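*Asks:* Provided below are the primary sequence and the corresponding predicted coordinates.
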Amino acid sequence: MPELPEVETTRRGLLPHVAGRRVANVLLRRPDLRWPIPREVEALLPGQRIEGIRRRAKYLLLDTAAGSALLHLGMSGSLRVLPGDTPVRAHDHVDIALDSSRVLRFNDPRRFGCLLWQAPGETHPLLAALGPEPLSDDFDGDLLFLRSRGRSAPVKTFLMDQAVVVGVGNIYAAEALFMAGISPLRAAGKVSRGRYQALADAVKAILAHAIQRGGTTLRDFISPDGAPGYFEQELLAYGRGGEPCPRCGRPLKQAMIGQRASVWCGHCQR
DNA sequence: CTCTTAACCTGGACGC
DNA sequence: TGCGTCCAGGTTAAGA
């Protein structure tokens, strides 16, 4: 489900409800999601004051003096702030009850998400090898160009590699490549510096705009207050295989690239 | 290293 | 109505 804009939308939605609140209780309805939930979550989190929420790549970190809860929403996860007496629904796996009598509830049907722990001053191994944030000045066309030299994988696969740049998933990779006029099938190592500059600009523009629209809701993404995202209606390529290209009118192609459904225009994207 | 493939898991859409 | 198949926004692990 969530790429960077959806995770950032979640962060912004949670922040006013969570920052400064104290954790009253932690309830795990199952011991694991993608991985076992470490004992620190139950042992250390209760009683802590949540100082803030950070996002790194598609991860969220709930910061406390005792350490940080590290969350990933996987494909189907969502976090909501609800009244403490809200009835539990299927796949409500974790409750973090707050001293405001509300509860931060983690729902994840497919359980590809995770809840882990990062000790103060440490960097969790999952965060260690991540590439730069796409909306930061550390990310630009030169970085894509330099890191792609000698690589034969399709540029779409390269762009979705979280070690290259974080936050770009299947939706926004398709959109950015469409906007930049680059075929997703082209070998990453054969894209020019100038075209990578256009691609980096497209990534930044699309992610920033999607955040502004509250993310993309395809099936089930919801922000913490229950609102959907409104970017879906602006998607130009993703999910539109066979439809006319918005630029030239020819039918958009669809195929699997790196085991992910991909849509592009064979005329406008080279 | 880089690249490809399979796997994790559930639910919804679709075809018969 | 029911059942089988395929597909889904992510990521890791294993093997070549």
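*Replies:* Happy to help now that I have it. A quick note: this is a predicted structure, and the numbers were derived from the prediction, not measured.
*Asks:* what ranges do the helices span in chain A?
*Replies:* Using DSSP state H, the helices found in chain A span residues A:4-18, A:39-44, A:125-128, A:141-148, A:155-159, A:170-180, A:193-212.
*Asks:* Quick one: closest of the ones you listed to DNA strand B.
*Replies:* helix A:155-159 (5.7 Å; Cβ to the nearest atom of the strand). (Glycine included, C-beta is placed from N, CA and C.)
*Asks:* Pipe the helices of chain A into CSV and attach mean neighbour count, mean pLDDT and distance to A:F231 per row.
*Replies:* Putting these into CSV (neighbours: other Cβ atoms under 10 Å; pLDDT from 0 to 100; distance: least, Cβ to Cβ, whole Å) gives the following:
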stretch, mean neighbour count, mean pLDDT, distance to A:F231
helix A:4-18, 21, 96, 7
helix A:39-44, 15, 98, 32
helix A:125-128, 12, 96, 26
helix A:141-148, 18, 98, 23
helix A:155-159, 24, 98, 18
helix A:170-180, 25, 97, 9
helix A:193-212, 18, 97, 4
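*Asks:* Could you say which one of these comes nearest to A:P31?
*Replies:* Closest of the helices of chain A to A:P31 is helix A:39-44, at 9.9 Å (criterion: Cβ to Cβ).
*Asks:* elements contacting that closest one?
*Replies:* strand A:23-28, strand A:67-72, strand A:114-118 (3 or more Cβ pairs under 8 Å, 6 or more residues apart in numbering; DSSP states H and E).
*Asks:* just those: most buried one?
*Replies:* Neighbour counts (mean count of other Cβ atoms under 10 Å) averaged over each of these peak at strand A:67-72, with a mean of 24.
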